[in-house]
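sequence? don't have it. structure:
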């Protein structure tokens, strides 16, 4: 990197370098969270850092480094695609983790799904009782 | 710019090592799936840093394809886990 900060070029380089380092630290934070958090749901909290904010910072660094305007829509499409797919897969993994009881129930502050599960189980038992079998 | 490349290479290597350790000793299948998803995100981030430092766009479709692979893998494994380990008598 050139040391003179007279024009905007060096500032753009510095900003993109900061974006790249922070985006890399996001994935390091995800790895530390995966190693240190106790159960699946809190590990899912740590795992979303490089997928959304880290990818945003790195794509912004690409756009700053290339210095052309037409790459920004392409990078935005890549990021929006990631934003659309990540919540769906996180929802599926979290629901499967709840069903197979991969969570520490004493760490939860609120469990809004338990009332729904109890009600569905009661309705299923009521339906099973007179008929015998579904 | 090469200093940034070296620093991010070290950070990404440590992050990938942590994700691989969690894949190796994760107590359940869902932990391993989550760690594999993080490993794919780390790989995509490393490709982005390569594109930004060398100023090209050759890997952008590869980054999008990696996110597709992570999505399909997570959803598929979550469906199989939910189907296999559900118990009918527990509420």
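Good, I have the coordinates. Everything numeric in this text was worked out from a predicted model, so none of it was measured.

okay, CA-based contacts and neighbour counts for the rest of this
Noted.

Name the residues of the helix or strand bottoming out on mean pLDDT in chain B that are buried.
Least confident element among the helices and strands of chain B, by mean pLDDT, DSSP states H and E: helix B:60-84 (a mean of 85). Applying a neighbour-count criterion of 16 or more other C-alpha atoms under 10 Å in any protein chain shown, one finds B:60, B:63-64, B:66-67, B:70-71, B:73-75, B:77-78, B:81-82 buried in helix B:60-84.

Same question for stretch A:29-42.
Buried-residue list, stretch A:29-42, by 16+ other C-alpha under 10 Å: A:29, A:30, A:31, A:32, A:33, A:34, A:35, A:39, A:40, A:41, A:42.

any idea how far residue B:80 is from the first one?
Residue A:29 sits 29 Å away from residue B:80 when distances are taken as C-alpha to C-alpha, to the nearest Å.

hmm, stretch B:3-20 touching chain A?
Yes. Counting by C-alpha under 8 Å from any C-alpha of the partner chain, chain A is contacted by stretch B:3-20 at B:4, B:7, B:8, B:11, B:12, B:14, B:15, B:16, B:18, B:19.

Need the buried ones from those selected in PyMOL.
Of the residues of stretch B:3-20 next to chain A, the buried ones can be selected in PyMOL as follows, counting by 16+ other C-alpha under 10 Å:
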select buried, chain B and resi 4+8+11+12+14+15+16+18+19
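
May I see the residues of stretch B:3-20 next to chain A arranged in a markdown table, with pLDDT and secondary structure as well?
As requested, the residues of stretch B:3-20 next to chain A are arranged in a markdown table below (pLDDT from 0 to 100; DSSP: H, G, I helix; E, B strand; the rest coil):
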| residue | pLDDT | secondary structure |
| --- | --- | --- |
| B:4 | 90 | helix |
| B:7 | 93 | helix |
| B:8 | 94 | helix |
| B:11 | 94 | helix |
| B:12 | 94 | helix |
| B:14 | 94 | helix |
| B:15 | 94 | helix |
| B:16 | 94 | helix |
| B:18 | 93 | helix |
| B:19 | 93 | helix |
